[in-house]
Every structure is written in structure tokens, then in C-alpha cells.
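Colleague: I'll drop the sequence and a predicted model, then ask my questions.
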Amino acid sequence: MVNTCDLTTAVHDQLLQRNRIYEDFFILESHRLALACREMSGRFLRGGRLLAFGRGPYATDAQHVSVEFVHPIIVGKRALPALDLSILPGPWLEAILQPEDIVMGFGPPSGDQEIADALNAASNRGAMTFALPGHSGSYTLDPPSAHPFIHQELVEILYHTLWETVHVFFEHQELGHDVGDSAFLYPFLGRQKEPSADVVDQVAASIRAKAQDDSQLRARVAREQSEQIIAAARAIHDRLQKGGKLIVFGNGGSATDANDFAIDCVLPPAGYKPVPAISLSMEPANLTAIANDVGIELIFLRQMIAHARPNDIAVGISTSGGSKNIILALEEARKQGLLTVALLGYDGGDILRGHLADFNLVVHSDYIPRIQEVQASVYHVLRETLEVLTHA
């Protein structure tokens, strides 16, 4: 049996290692990212769209960036057009791509030739391209880590930063001076018109500050919740040994995280053993049928009734801790005797207060992008710990 103290130290160190990598990256890349966001905002103003795609676990990044732009979390921000083309990127780009579009390809640290080919074709037709990773495009990423989980977490921080910053430049260019509801994101941008170069420098500084905020949250999780992560991993491992499976679910960006966690279980990095898992968020026909026929609050409950078995583990992901459909699914899981785990934000919300999960892993923040970025670290470290326990 692996010593709990050793595991706790390992989890703590893994989280802090991420901070060093991410902070160093955004110190180097902040200005280049600010310039890329300025170009993106101009393309959106000209009618461009964000077209994203990836394969395997990286398809979930395309899902995530699409929902961020279409369904912005800042009240009053307009929806910006974005699509996930992961099912068929090449033919879909061939059919719908316009020169003013922005094309984003996601892949593993070593790259993906199919994704690279699609990006090159889009670039040849005048689109702005993001190669994440890659060596050819309008913005290219040279991954600072070969670890697929660390790489994917860094990319999530990157596209959250793009979304936040595009709104600032979008309004700055459109209105000439007033950033409106985006002021809380970048408070230095007031109502006085500033030279574009000055805005770029100030936005770059704010990007670096955001990476530091992210690190502080992750350090708090390392300090306060490493033991809870280990305890949850041990309990999950025990259920898996008895033939159980993970059932993961979430809404919006948390839905894409649920999909990613499930894929990381069944299609893990090289050398890992697959873990049985499903995501209730990866079922669009079921989700829309249930929402249309009986209501959005039951989309996970109905599926839980169908799929749950006594040794299973229910993992609900909610930034607010108060999503009614997550609460109902967790209540059903407890009724059926499942182990329940919740990845939460804010103060843990009604899920924590209602004692609906056997293990609560809380990122104490009230800003959704930062919560999701650190939650990604939490479930990746949880997956790594399950691997250690499997080999013990």
C-alpha cells in the first residue's frame, strides 16, 4: 500500500510544479498573446468566426473554447460566433471557411499531423490560425512541458485569456474609448482613448497578473486539499477494484471538463492503465431529448437512473456548487449507493452545504475561468493518483 504521506506530498508538489511552468510561460508570451487578441477582435468586428477542432481529449478543448465565446459569462457581453468542428475538421473547413475567420487546432505536446494539415489549409485561405501546439501559424505554441495533462491545462488558461482579452480589444476598437462591463477584467482601461500600443502593453501586464492569480488559487488547493484529493482517489480506486466505473457530468465549460476527465480515464497517456468511465455530458441526443421533454433539471438524473450500478462513482463538476441538475443527479447517486465526488467553486454552494458528496474538492474563487483552470489541475492530479494506486 502506498504511504498516504508520500502521496500527499506528491500531489502537493505536482500542483506547485504546474504554477512554475504556467507563470514562466505567460511571462514570456503575454505580449504576443495581447497582439493576437487584438487581431482576433478586428476579425470578429469584420464578421469572422472562431472555428476550433481537436482529436481525442483535445476535442474537449474545442468544445470548451466554443462555449466560452458563444455563451460569455460576463453579463451584457455579446455572443461571439464559434464552432467546434472536431467531428470532421478538414471537410467542414473546406465547406464553410471564410478569410476573416479564426481557426484554432488543439493537439498533444508532440503535435498532430491531421490537425496541422487542417490549420495549414485554413492559413492558405487567409484565416488567422492558432497551432496549439505547432510551428506554423499566426500564433504557434511550443509546449513547455511534454506531459499531456500539464500541456492541456496550460492551453485552457491560454484560451480563457484569449476570450477575456478579445472582449477588451473588441470594445476598445468598436467604441473607441469605453470598455463597459469589461472594466473589472482590465481596470486600467478607462474612458479616455489610449494609443493602441499602450493598450497592448497594459493588457500584456494584466495577462501576467492573471497567471499569478491562478497560481495563488492552485497553491491554496495544494495546501488545503491535497489530503482530500488522496482520500477521494483511494475511495474511487476501491470502487474501481470492485468493478465500478466513473460517471462524470457538468454543464457548459464544466461539461467539457467532464468529457475530458472521462476520456483521460479511457484513453490515458502512454503507460497508464485505462479506467472505466463515461460522461453524461457527452450525449447531445439524450441531453436535448430530456431537456425538451421533461426539463433541463433532469438531464443528468434520467441518465444516472439508466447507467448507475452499485459500485460506481458519480463525479459532479460545478463551478457554482448550486446547479440544480447536478444536485438532483448527486442525490440519485447517493440514493443508489454510489460513491459521490464533487469538484466545486465559490464556497462549495448547496452541494457542500447539503452534504451531497462524500468528497468535496473546492476551488475557493468567484471567477469561473480561474475556477475551471484549477479544477482541471485537480481532476488531472486525481487521475495521476489513481494510476499510482493501480500500480501499487
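Modeller: Cool, got the structure. Computed from a prediction, not measured in an experiment: that's the story for all the values here.

Colleague: name the helices or strands packed onto the longest helix seen in the chain?
Modeller: When the chain is parsed with DSSP state H, its longest helix is helix 196-241. Using 3 or more Cβ pairs under 8 Å, 6 or more residues apart in numbering; DSSP states H and E, the elements in contact with helix 196-241 are helix 4-45, helix 148-175, strand 313-318, strand 339-344, strand 359-362, helix 368-391. Yep, even glycine has a C-beta here, placed from its N, CA and C like the rest.

Colleague: Also compute the angle for it relative to helix 368-391, please.
Modeller: With axes from the mean of the first three to the mean of the last three Cα atoms, to 10 degrees defining the directions, helix 196-241 sits at 30 degrees from helix 368-391.

Colleague: Distance from helix 196-241 to the middle of the chain?
Modeller: 12 Å (Cα atoms, centre = their mean, to the nearest Å).

Colleague: and it with helix 148-175, angle?
Modeller: 150 degrees.

Colleague: Show the subsequent helix or strand relative to helix 196-241.
Modeller: Later in the chain than helix 196-241, the nearest helix or strand by DSSP states H and E is strand 246-250.

Colleague: Would you confirm that residue 383 contacts residue 266?
Modeller: No. In this structure, residue 383 is not within contact of residue 266 by Cβ atoms under 8 Å, at 11.1 Å.

Colleague: So the two - more neighbours on which side?
Modeller: Set side by side, residue 383 and residue 266 show more neighbours around residue 383, with 22 against 15, by other Cβ atoms under 10 Å.

Colleague: Next one, pLDDT for the more buried one please.
Modeller: pLDDT, residue 383: 98.

Colleague: Next: residue 78.
Modeller: pLDDT, residue 78: 78.

Colleague: repeat for residue 164
Modeller: 88.

Colleague: what do you get for residue 172?
Modeller: 70.

Colleague: Please work out how many residues are found near it.
Modeller: 22.

Colleague: likewise residue 292?
Modeller: 9.

Colleague: what helix or strand is it on?
Modeller: Judged by DSSP H and E, residue 292 forms part of helix 284-293.

Colleague: residues of that helix that come out buried?
Modeller: Buried residues in helix 284-293, counting neighbours by 16 or more other Cβ atoms under 10 Å, are found at 286-287, 290.

Colleague: and the helix or strand following it, what's its mean pLDDT?
Modeller: Going down the chain from helix 284-293, the next helix or strand is helix 299-307, by DSSP H and E. For helix 299-307, the mean per-residue pLDDT is 98.

Colleague: Stretch 312-323 too?
Modeller: Rounded mean pLDDT across stretch 312-323 is 97.

Colleague: Under the pLDDT cut-off, which ranges of the stretch 151-300 of the chain? List them.
Modeller: 171, 173-196 (pLDDT under 70).

Colleague: one more time with 80
Modeller: Within the stretch 151-300 of the chain, the ranges that satisfy pLDDT under 80 run 170-198.

Colleague: ok, and what's touching stretch 225-234?
Modeller: 4, 7-9, 11-12, 15, 341, 358-362, 378, 381-382, 385-386, 389 (Cβ atoms under 8 Å, 6 or more residues apart in numbering).
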